[in-house]
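J.: Okay, sequence plus prediction incoming.
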Amino acid sequence: MDYDVVIAGGGPVGLLLACELRLAGISVLVLEKMADPTSPLKGGPTGGRGLNIPSIEAFYRRGLLGALSKAALWWVSPSDVRQLGTESSAAFHPKAPSNDPAVVQASAATPVKAPPTFVGHFAGIMLDANVVNYADPEFAGHGPAAAGGMITMQAIEGLLADRAAELGVEIKRGAPVTNFTADENQVIVQAGGQALRAGWLVGCDGGRSTVRKLAGFDFPGTDPEITGYNAMVSIADPEKLAPGWNRTAKGTYVNGPVPGRILTVEFDGPPEDRQAPITVETLQHSLRNVSQTDVTITAIHSATRWTDNARQASSYRQGRVLLAGDAAHVHSPFGGQGLNLGIGDAVNLGWKLAATIQGWARESLLDSYTTERHPIGAWALEWTRAQVALMRPERHELALTSVVRDLVATRDGATYFAKKISGVWQRYDLPGDHLLIGKSAPDFEFADGSRLGEHCHDGRALLFDFADNPQIRDLGAKWSDRLRVLTVPLKETSGPTALFVRPDGCVAWAANGQPALDDAAAALSYWLGDSDEGPGNRRTRAAVTHQ
């Protein structure tokens with residue numbers, strides 16, 4: 001076998017998945033169709049992406065939060081959230097990608113106060129962060145990951161490519177997957193004129209996934225009804241356009257937040273040819289039509305064409321072939337959920353696929369990838385469909401917009417939308433009745449000054465003994481080859497007495513007071529397979545640890 005896993009696609013999802021697998025000692029090859037990782041085609045106009053809290057937690061738990069914040073166009077810390085409604089001296093200069101002239105120009109402008117975290121919109125209806133109730137319990141417990149900002153796709157890919165190289169991931173660029181065959185034992189992948197043998201193939205190759213199409217995954221959903229453009233341009237008369245989000249009788253257009261960035265949405269059906277070149281004339285016609293002005297575009301620096309095609313694979317696995325990211329689900333970009341969905345997929349899949357390869361996983365573990373991630377993907381599709389429906393330039397939708405706008409202006413309404421956009425509502429339906437089970441592990445602070453997320457860097461499961469209980473330690477020792485047991489008191493004594501955290505940061509078991517050891521053992525066995533003492537156990541390969 002040449003590799004344990006071949007990953008098609010070297011974007012953020014494929015690279016993060018590769019890093020997760022390498023932490024467990026799995027051999028990985030990433031095949032990326034583009035020869036140049038800095039191509040502006042990968043970044044899109046401005047390239048700015050907002051990361052939600054689950055995504056930021058994923059970087060934080062692997063020791064990459066500092067690098068992420070440094071690479072961002074702008075970044076706000078958790079302390080900035082607590083200052084909402086007050087004047088802050090914090091300011092930022094957007095850090096521009098070198099291939100984006102308009103953003104380069106904007107970066108030299110007068111600094112402005114950084115936008116507060118969790119600010120977003122629903123169908124162009126902007127949330128006022130000062131109305132949101134950040135004291136809501138779902139916003140608590142995220143530690144340094146309760147931050148936010150905007151980062152380019154190129155910056156994320158660069159950060160993860162550096163991390164992948166550090167971990168020993170092999171990356172081949174200019175080598176798209178062209179075909180493959182799979183049986184019950186292996187996958188033979190054709191790419192770059194070579195035939196590569198792998199135990200598994202994962203398609204992280206985007207919405208037009210070659211892997212998904214060749215494998216014949218069922219991909220149901222709804223057909224597109226809009227044509228959208230997102231671009232960085234030069235405009236001769238920008239004063240003719242209103243700033244921000246604007247709805248007209250012909251659709252919606254967005255002007256900003258940086259000079260020259262425009263977005264248009266027309267509700268006259270999908271484009272005849274989505275792959276056709278985007279010319280100045282094409283983009284100008286769309287902008288003039290939607291804005292109802294005679295604005296003049298003089299140059300295009302970068303542009304993408306998109307629709308509201310919304311589809312999701314019925315299952316994310318067929319035998320030895322799996323899907324993650326846009327290969328598994330596509331939808332309109334409204335709400336910025338696509339990248340965040342993919343990051344969640346990668347973190348959820350990585351340790352489960354590694355455990356399957358290493359031989360200690362139960363047969364059901366890899367199937368739980370679809371079981372857990374599919375509902376969140378389905379929610380994202382519905383979230384974007386609802387926004388498209390609300391944005392239609394028709395009388396009934398305009399009336400409904402006024403109702404939603406009133407709702408967003410209320411404290412409860414703004415909080416509801418902020419929780420959805422930030423991802424703090426997400427949890428998996430896991431066995432057990434403790435309130436923490438299925439949720440992202442709170443970033444507890446310990447008496448020694450460390451935090452829970454800081455103990456997750458090596459990607460192993462964790463069993464926390466907060467009450468110095470030898471029975472918990474003895475139980476955890478039975479899975480010592482795939483679990484670390486930490487006996488450390490909480491800084492605040494009102495929390496649980498014991499906690500089992502999966503490698504992806506999800507709580508799989510917890511106890512208040514005297515723990516039920518049978519329940520703990522059942523959870524450890526369910527997620528970590530047979531213990532060292534169990535029948536037929538195969539010990540894992542040594543994990544690659546980078547603290």
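T.: Ah, there it is.
J.: Ala175 is in contact with Val189, isn't it?
T.: No. Ala175 lies out of contact with Val189 (C-beta atoms under 8 Å); the separation is 10.0 Å. Just so you know, the C-beta spots here come from the backbone N, C-alpha and C atoms, and that holds for glycine as well.
J.: Overlap in contacts, those two.
T.: Leu31 (C-beta atoms under 8 Å, 6 or more residues apart in numbering).
J.: who's more crowded, the two?
T.: Set side by side, Ala175 and Val189 show more neighbours around Val189, with 26 against 22, by other C-beta atoms under 10 Å.
J.: isn't there a strand covering the more buried one?
T.: Yes. Val189: assigned to a strand according to DSSP: H, G, I helix; E, B strand; the rest coil.
J.: Which residues are in contact with Ala242?
T.: Asn255.
J.: Could you look up the SS state of it?
T.: Per three-state DSSP, Ala242 ends up coil.
J.: pLDDT score for it?
T.: We note a pLDDT of 95 for Ala242 in this prediction.
J.: cool, Ser291 as well?
T.: 96.
J.: Let me know the distance separating Leu17 from Leu23.
T.: 11 Å (C-beta to C-beta, to the nearest Å).
J.: Ok, Ala346 next?
T.: Relative to Leu23, and taking C-beta to C-beta, Ala346 is found at 12 Å.
J.: same question, Gln387
T.: 36 Å.
J.: just to revisit the earlier point, which residues are in contact with both of Leu17 and Leu23?
T.: Gly350.
J.: So these two - more neighbours on which side?
T.: A direct count of neighbours by other C-beta under 10 Å for Leu17 and Leu23 places Leu17 higher, at 32 against 22.
J.: A helix includes the more buried one, no?
T.: Yes. Under three-state DSSP, Leu17 sits within a helix.
J.: if I read this right, it contacts Leu323, doesn't it?
T.: No. Checked against C-beta under 8 Å, the pair Leu17 and Leu323 is beyond contact range at 11.1 Å.
J.: what do those two both touch?
T.: Joint contacts of Leu17 and Leu323 (C-beta under 8 Å, 6+ apart) are 202, 204.
J.: Nearest residue to Glu184 in space, please, no chain neighbours.
T.: Gly319 (7.0 Å; C-beta to C-beta, 6 or more residues apart in numbering).
J.: Just to check, that neighbour is in contact with Ala182?
T.: Yes. Using C-beta under 8 Å, Gly319 is in contact with Ala182, at 5.8 Å.
J.: of these two, who's got more company?
T.: Neighbours per residue, other C-beta under 10 Å: of Gly319 and Ala182, the larger number sits with Ala182, 18 against 12.
J.: For that one, which residues are in contact?
T.: Per C-beta under 8 Å, 6+ apart, neighbours of Ala182: 188, 201, 215, 319-321.
J.: Quick one, which of those are buried?
T.: Neighbour counting with 16 or more other C-beta atoms under 10 Å marks 188, 201, 215, 320-321 as buried within those.
J.: taking those residues one by one, which sit in strands?
T.: 188, 201, 321 (DSSP state E).
J.: Before we move on, what's the pLDDT of Thr117?
T.: 44.
J.: swap in His93?
T.: 33.
J.: And the helices in the stretch 351-500 of the chain, which stretches?
T.: Per DSSP state H, counting those that start in this stretch, the stretch 351-500 of the chain carries helices over the ranges 363-391, 395-408, 411-422, 470-477.
J.: model confidence over the first one, on average?
T.: Taken as a whole, helix 363-391 has an average pLDDT of 96.
J.: Now do the helices in the stretch 101-250 of the chain.
T.: 101-107, 153-167, 210-215.
J.: I'd like these as CSV, with distance to Lys439 appended.
T.: Converted to CSV, the helices of the stretch 101-250 of the chain look like this (distance: least, C-beta to C-beta, whole Å):
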stretch, distance to Lys439
helix 101-107, 37
helix 153-167, 25
helix 210-215, 30
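J.: Nearest to Glu239, out of those helices?
T.: Of all the helices of the stretch 101-250 of the chain, it is helix 101-107 that lies closest to Glu239, at 16.1 Å by C-beta to C-beta.
J.: quick one, strands of the stretch 251-400 of the chain?
T.: When assigned using DSSP state E, counting those that start in this stretch, the strands of the stretch 251-400 of the chain occupy the ranges 251-255, 261-266, 297-306, 310-312, 317-318, 321-323, 329-330.
J.: Show me what counts as buried in the first one.
T.: Of the residues in strand 251-255, 251-255 count as buried by neighbour count, 16+ other C-beta under 10 Å.
J.: Next one: Ala441 from Gln275, what distance?
T.: 43 Å.
J.: Equivalent analysis for Leu349, please.
T.: 30 Å.
J.: Quick check on these two: which one has the bigger neighbour count.
T.: Shown here are Leu349 and Gln275; by other C-beta under 10 Å, Leu349 has more neighbours (30 against 7).
J.: Now the more buried one. Nearest residue, chain neighbours left out?
T.: Distances taken as C-beta to C-beta, 6+ apart put Tyr369 closest to Leu349, at 5.0 Å, once the chain neighbours are dropped.
J.: How about Val485?
T.: Nearest to Val485 is Gly476, by C-beta to C-beta, 6+ apart, at 3.7 Å.
J.: Which residue lies nearest the spatial centre of this protein?
T.: Nearest to the geometric centre of the chain sits Asn340, at 1.9 Å (C-alpha atoms, centre = their mean).
J.: Double-check it against Val424; I have them as touching.
T.: No. Contact criterion C-beta under 8 Å: Asn340 and Val424 do not qualify, at 12.0 Å.
J.: Return every residue with contacts to both of those two.
T.: In contact with both Asn340 and Val424: Pro54, using C-beta under 8 Å, 6+ apart.
J.: Tell me how this protein divides into domains.
T.: Per automatic domain parsing, the structural domains of the chain span 3-218+311-421, 225-307, 430-547.
J.: hey, which of those domains is tucked in deepest?
T.: domain 3-218+311-421 (a mean of 20; mean count of other C-beta atoms under 10 Å).
J.: residue ranges with poor pLDDT in this structure?
T.: Applying pLDDT under 70 to the chain flags residues 38-48, 79-119, 533-547.
J.: thinking again about what came up before, tell me which of the helices of the stretch 101-250 of the chain approaches Thr307 most closely.
T.: Per C-beta to C-beta, nearest to Thr307 of those: helix 210-215, 17.7 Å.
J.: contact partners of the closest one?
T.: By C-beta under 8 Å, 6+ apart, helix 210-215 touches 8, 176-180, 182, 201-203, 205, 219, 313, 318, 321, 323, 327-328.
J.: do that again at 10 Å, thanks
T.: 6-9, 31, 33, 176-182, 187, 189-191, 201-206, 209, 217-219, 311, 313, 316-323, 326-328 (C-beta atoms under 10 Å, 6 or more residues apart in numbering).
J.: if we can go back for a sec, got any residues that touch both of Gly319 and Ala182?
T.: 200-201, 215.
J.: can you give me the strands for the stretch 401-547 of the chain?
T.: Under DSSP E, counting those that start in this stretch, the stretch 401-547 of the chain gives strands at 461-465, 483-487, 498-501, 507-511.
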